[in-house]
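[1] got a predicted model here, sequence first, then my questions.
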Amino acid sequence: MEMAASKPMTKIATAPAAAPRRERLGRWRVPLSIAVLCVLPWLLPSKALAVNVLIYGLYAMGYNLLFGYTGLLSFGHAALFGTGAYVTGIAIGQFGTNWFLGMLAGVIAAGLMAAAMGALSTRTRGIYFAMVTLALAQLVYYVALQASSWTGGENGLRGFTVSKVGIGPLSVDFLNPIVKYYVVLAFVALAIWTLSRILNSPFGGVVEAIRENETRAKACGYDVVRTRLLAFVLSGLFCGLAGTLSALHLAIVPLDSLGYMMSGQAVMMTMLGGVGTFFGPFIGALAFLVMEDVLSLWTAHWQLFLGAIFVALVLYMPKGIWGTGLVWFERWRGR
Amino acid sequence: MDLQLISLQLFSGIALGAILIMLALGLSIIFGILGVVNFAHGSFFMVGAYAGVFFLGYTGNFWWALLLAPLVVGVLGLGVERLLIRPLYGRPVDDPILLTFGLSYVLVEGVRILFGTDGVPFDTPAALRGVTNIGIGYFPTYRLFVIGVVAVVLVALWLVLEKTKVGLIVRAGARDPQIMRVLGVDIQKLWLVVFGIGIGLAALGGVLAAPMRTVNPEMGNFVLSEAFVVTVIGGMGSLLGSVVAGLLVGIVVNMTSLVAPEMATIAMFAFMALVLLVRPHGLFGKPGFGT
């Protein structure tokens, strides 16, 4: 695992001197993002939008671990988000567990789902991966549709409202929007810190090495398939947590949370913010949700504009908002 | 009696497979020659079905609709290649996937604006209604017609690819575009035409499928994953693979629906998972192709 550092070394010879500044920002990235998220509800028009930014930001962040850092374009992450949401809802509503055990069950189930999907899809290479993950997610969607006695089928899963959240005697009112926001933020903050640790670990180095040059990573002795599978599972745990939080937040799991569009949203948000950047997914989720809010007020056909904006993004700004901002910032600093 | 039911269901599977072949073939040709995975392929199938609805209403004649819809949508495909796909050559392989994914939103919403969000009916043409005796029993005439059209298209495509100079250039271009350029072949024009043909095939599938399923703006989403299942099973870039896998998937779906109707769709994906376990590059794909 120490060999992980060998990949950047070849790059340092040509890397711009801006690297240390990036690193300084990098050291503060966890407290910085948590600080911004702490004041977010007061910057946005509604508290519900702020909770959605947290949940979808986490979803896109988990997705970015696979797409941005590992370089695998998945079109099936709804299966992971949805599994987390459904299993939490079923555990609380049908097995009567408390909220925390329900969450735990949801996250573990999403991890197992990711392991199964990853085991099949990481066997394939390149563009096959996008197609196979899409097909596997559709499989999960149809299973959920058919198993309506468990999932509620087309009507979605209902009947598991969580009104109080707490440990032992200490509990808070989960129906209060602002309390809800900070409870969700506690989990999201934990996830942000964990992801930062993963990216800084030797494993994070190997993952990026494989993305940059698979053949060389293989020659260095790394097990490419196993590393990709592990990245898939980790990504699934984050996305599953996002799904779990969404189930608690909405107190309903719509069937669409397993759908093709849900998978597409992870892709869009990540692209919009900046693929392979730490802050990108949250910025992308924020931009996406605000855009959806504004456009859908203005026209019923807002998806037309969403699609057109995305096409333009791929053509003219593939680095996304944050990624392009970073490039401009470094150019402005005179390098 | 039971055997008769099974053989009729088998034949029905071939009709379903025929539509899937149209889709998978276009997807596979475009990928094999341009190296682009078209995520808007299902949407072009849907646009094809709606173009069929439009021309049927305009001309009142099914045959004109069958001819005009693929042509017009194919021309739309030419425009898409020229304006949107061409700037992406030389960029990472994921970029065309992302772009066509965004394009599918535009196409679906555009159809919703033009034709409304509800499904529209598409009547089976009068001459093709009813059933025909095919020896083993009575079979819907329209489905026979679909199998016939697809067979004709397949033979025509095969003849063009194998026996004509254009086909020779296409096959050579798929193998080594660099050398083709050196030899003075306008490879950009070739790619443009191939993309248009692939889209036209998807649109033809859409018109042919229209009387058999409901025509609605979302019909492309599901069909896209079906087409992916077929190409993954057959092997990306292999035309023979598309044909064999299309028929196999059609038969698997219809045979399962005979035993357990609610499992039919799930069986299709399970079949793909099985193929992936045994042959990750598909039945007819070459290992390592598509990276």
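    Thanks, I have it. Residues are numbered from 1 along each chain as shown, chains lettered A, B, ... in the order given.
[2] so which residues of the chain form strands?
    Just so you know, I chose chain A. For chain A, applying DSSP state E gives strands covering A:164-167, A:170-173.
[3] look at chain B instead
    Counting by DSSP E, the strands of chain B are B:131-133, B:138-140.
[4] what's the most buried one of those strands?
    strand B:138-140 (a mean of 16; mean count of other C-beta atoms under 10 Å in any protein chain shown). Glycine gets a C-beta too; all of them are placed from N, C-alpha and C.
[5] run the chain-centre distance for it.
    Centroid displacement of strand B:138-140 relative to its chain, using C-alpha atoms, centre = their mean, to the nearest Å, is 24 Å.
[6] show me the contacts for B:A174.
    B:32-33, B:237 (C-beta atoms under 8 Å, 6 or more residues apart in numbering or on different chains).
[7] which pLDDT value belongs to it?
    B:A174 is assigned a pLDDT of 78 by the prediction.
[8] could you measure from it over to B:M180?
    10 Å (C-beta to C-beta, to the nearest Å).
[9] what's around residue 50, how many residues?
    Just so you know, I chose chain A. 24 (other C-beta atoms under 10 Å in any protein chain shown).
[10] that was the other one, I meant chain B.
    26.
[11] state the distance from it to chain A.
    15 Å (C-beta to the nearest C-beta, to the nearest Å).
[12] any idea how far stretch A:130-147 is from the chain center?
    Using C-alpha atoms, centre = their mean, the offset of stretch A:130-147 from its chain centre is 19 Å.
[13] about what we covered before: which among the strands of chain B is found nearest to chain A?
    Counting by C-beta to the nearest C-beta, chain A lies closest to strand B:138-140 out of the strands of chain B; the figure is 25.7 Å.
[14] contact partners of that closest one?
    Contacts for strand B:138-140 (C-beta under 8 Å, 6+ apart): B:8, B:11-12, B:130-133.
[15] near chain A, which of these show up?
    When C-beta under 8 Å from any C-beta of the partner chain is taken as the criterion, no member of those contacts chain A.
[16] dig out what A:K164 forms beta bridges with.
    The partner list for A:K164 in beta bridges (DSSP bridges) reads A:D173.
[17] got a list of what it touches?
    A:171-174.
[18] put together JSON lines for those residues, with neighbour count, pLDDT and distance to B:V72 on each row.
    Shown next, in JSON lines, are the contacts of A:K164 (neighbours: other C-beta atoms under 10 Å in any protein chain shown; pLDDT from 0 to 100; distance: C-beta to C-beta, whole Å):
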{"residue": "A:S171", "neighbour count": "12", "pLDDT": "82", "distance to B:V72": "63"}
{"residue": "A:V172", "neighbour count": "13", "pLDDT": "85", "distance to B:V72": "60"}
{"residue": "A:D173", "neighbour count": "13", "pLDDT": "88", "distance to B:V72": "59"}
{"residue": "A:F174", "neighbour count": "20", "pLDDT": "89", "distance to B:V72": "55"}
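[19] tell me the pLDDT of residue 54.
    I went with chain A, as the question did not name one. 96.
[20] that's the wrong chain, I wanted chain B
    Model confidence at B:F54 (pLDDT) stands at 95.
[21] okay, the residue of the stretch 151-300 of chain A at minimum distance from chain B and A:F95: tell me how far apart.
    Closest approach between the stretch 151-300 of chain A and chain B, counting by C-beta to the nearest C-beta: A:Y260, at 5.4 Å. In this view, A:Y260 and A:F95 are 29 Å apart by C-beta to C-beta.
[22] more neighbours: those two, which one.
    In this view A:Y260 and A:F95 are compared by other C-beta under 10 Å, and A:Y260 has more residues nearby, 23 against 11.
[23] ok, now which ones touch the closest residue to that one other than its chain neighbours?
    Distances taken as C-beta to C-beta, 6 or more residues apart in numbering or on different chains place B:N221 nearest to A:Y260, at 5.4 Å, with adjacent residues excluded. Contact analysis of B:N221 by C-beta under 8 Å, 6+ apart lists A:260, B:42, B:104, B:108.
[24] if I follow the layout properly, the third one ends up in contact with B:M46?
    I take that to be B:S104. No - judged on C-beta atoms under 8 Å, B:S104 makes no contact with B:M46 at a distance of 9.0 Å.
[25] overlap in contacts of those two?
    B:G220.
[26] who's more crowded, the two?
    B:M46 (29 against 25).
[27] so what's the more buried one up against?
    B:107-108, B:111, B:206, B:215, B:217-220, B:223.
[28] among the residues you listed, which ones lie close to chain A?
    B:107-108.
[29] the contacts of B:M46 in helices, which ones?
    B:107-108, B:111, B:206, B:219-220, B:223 (DSSP state H).
[30] my guess is B:L107 contacts B:F45. True?
    No - the criterion here is C-beta under 8 Å, and B:L107 misses it with B:F45 at 10.2 Å.
[31] common neighbours of the two, please.
    B:G220.
[32] near chain B, which residues of the stretch 151-300 of chain A?
    Checking the stretch 151-300 of chain A against chain B by C-beta under 8 Å from any C-beta, the hits are A:260, A:264, A:267-268, A:271.
[33] report the contact partners of the residue of chain A at minimum distance from chain B.
    Chain B sits closest to A:G307 of chain A, with a gap of 2.8 Å, by C-beta to the nearest C-beta. Residues in contact with A:G307, defined by C-beta under 8 Å, 6+ apart, are B:102-109.
[34] which of those sits closest to A:L44?
    B:Y105 (25.0 Å; C-beta to C-beta).
[35] quick one: that closest one from A:Q265, how far?
    11 Å.
[36] dump the residue contacts of B:V37.
    A:127, A:130-131, B:27, B:31, B:93, B:96-97, B:100.
[37] pLDDT and distance to B:T256 added to those, as TSV?
    Listed next are the contacts of B:V37 as TSV, based on pLDDT from 0 to 100; distance: C-beta to C-beta, whole Å:
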residue	pLDDT	distance to B:T256
A:I127	79	28
A:A130	90	26
A:M131	89	22
B:L27	93	24
B:F31	88	28
B:V93	85	34
B:P96	94	34
B:I97	93	30
B:T100	96	31
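[38] farthest pair within these?
    B:L27 and B:V93 (15.0 Å).
[39] between these two, who's got more neighbours?
    Neighbour count, other C-beta under 10 Å: between B:L27 and B:V93, B:L27 has more, with 28 against 16.
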